[in-house]
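1. Fold the following for me, if possible:
(4 chains)
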Number of protein chains: 2
Amino acid sequence: MRENVSEMPEYCTVEAAMEVVGGKWKMAILNYLTGGPQRFGELKRALPSITQRMLTRQLRELEADGIVLRTVYAQVPPKVEYSLTTIGKSLEDILQRLEEWGAWYREQRRP
Amino acid sequence: MRENVSEMPEYCTVEAAMEVVGGKWKMAILNYLTGGPQRFGELKRALPSITQRMLTRQLRELEADGIVLRTVYAQVPPKVEYSLTTIGKSLEDILQRLEEWGAWYREQRRP
DNA sequence: CAGTATCCGTTCGGATACTG
DNA sequence: CAGTATCCGAACGGATACTG
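-> Numbers count the residues shown, from 1 in each chain, chains lettered A, B, ... in the order given. Now for the predicted structure:
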């Protein structure tokens, strides 16, 4: 046990991480962005069950947290691309493992 | 593109994973369980900001999903231990990386 | 000790309609 | 195309009291 709370061994570091990437759709969104920049509509099609509103909100939060970069092209019709920032790219390893784990877990539960 | 949706490349595998471990506290709980079996009260102290009710609920969900094992000892006063199942242990690698990432992310955001 | 039960306010998330 | 606006129910979260 340490005296200083801020120095506690692993004091809710996982908690802190989940505040950033713990949103219901965030990991899935980020996973698709590992394939390179994606437009809003592409993400919408990739995640059929997310609503437009939720996609917008989760993307805005990820942007505010420095994970995702939003690039607006001055065109008509509008074109907006979302991509991973350097910080976002540092999650790629975790995302891949999560994806593998998810596939494996499904098999385990369906014997 | 494949014809069969159920065979789609990575169709929401990450989504499926997050349905299981995406709860607000689940990753943090699991992270503490990597240190070995923990009693209810130990987990409560480890996660000071979770309420008793929420801890109970998240543990029950993890148990139902086969991630956590709940062992009740027939004693007075009661003793209940929570531990990772084999499936739960398969998350240890991800949990460690998530913890490392969380610590690193904090530094990045506080320059 | 390890919960359950109840109440209640806040936040999250979904459905639908509309717009520059 | 890439969003907003509005409404609403579900889930989250806190406080408090009670129990085997």
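2. right, and the helix or strand after the helix-or-strand element of chain A with minimal mean pLDDT?
-> Ranking every helix and strand in chain A by mean pLDDT, DSSP states H and E puts helix A:13-21 at the bottom, with a mean of 92. Sequence-wise, the next helix or strand downstream of helix A:13-21 (DSSP states H and E) is helix A:26-33.
3. ok, then the element right after that next one?
-> Sequence-wise, the next helix or strand downstream of helix A:26-33 (DSSP H and E) is strand A:38-39.
4. what's the following helix or strand past that next one in contact with?
-> Scanning forward in sequence from strand A:38-39 by DSSP H and E, the next helix or strand is helix A:40-46. For helix A:40-46, contacts defined as Cβ atoms under 8 Å, 6 or more residues apart in numbering or on different chains pick out A:29, A:32, A:38, A:50, A:52, A:55-56, A:59, A:80, A:82. From N, CA and C alone the C-beta is placed, and that goes for glycine too.
5. now with 10 Å?
-> A:25, A:28-29, A:31-33, A:35, A:38-39, A:50-52, A:55-56, A:58-59, A:70, A:78-82, B:8, B:10-12 (Cβ atoms under 10 Å, 6 or more residues apart in numbering or on different chains).
6. close to DNA strand D, is it?
-> Yes - shown here: helix A:40-46 in contact with DNA strand D (Cβ under 7 Å from any atom of the strand) through A:40-42.
7. Looking at those residues, which one is closest to chain B?
-> Distance to chain B across the residues of helix A:40-46 next to DNA strand D (Cβ to the nearest Cβ) is lowest for A:Glu42, with 13.3 Å.
8. That closest one: how many residues sit nearby?
-> Using other Cβ atoms under 10 Å in any protein chain shown, A:Glu42 is surrounded by 14 other residues.
9. same question, the one 4 residues further on
-> Here the count is done by other Cβ under 10 Å, and A:Ala46 has 20 residues near it.
10. which other helices and strands contact the top helix by length along chain A?
-> Assignment by DSSP state H gives helix A:92-109 as the longest helix of chain A. Taking 3 or more Cβ pairs under 10 Å, 6 or more residues apart in numbering or on different chains; DSSP states H and E as contact, the helices and strands that helix A:92-109 lies on are helix A:13-21, helix A:26-33, helix B:13-21, helix B:86-89, helix B:92-109.
11. want to try JSON lines for the residues of helix A:40-46 next to DNA strand D, with distance to B:Gly102 as columns?
-> Formatted as JSON lines, these follow (distance: Cβ to Cβ, whole Å):
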{"residue": "A:Phe40", "distance to B:Gly102": "28"}
{"residue": "A:Gly41", "distance to B:Gly102": "32"}
{"residue": "A:Glu42", "distance to B:Gly102": "29"}
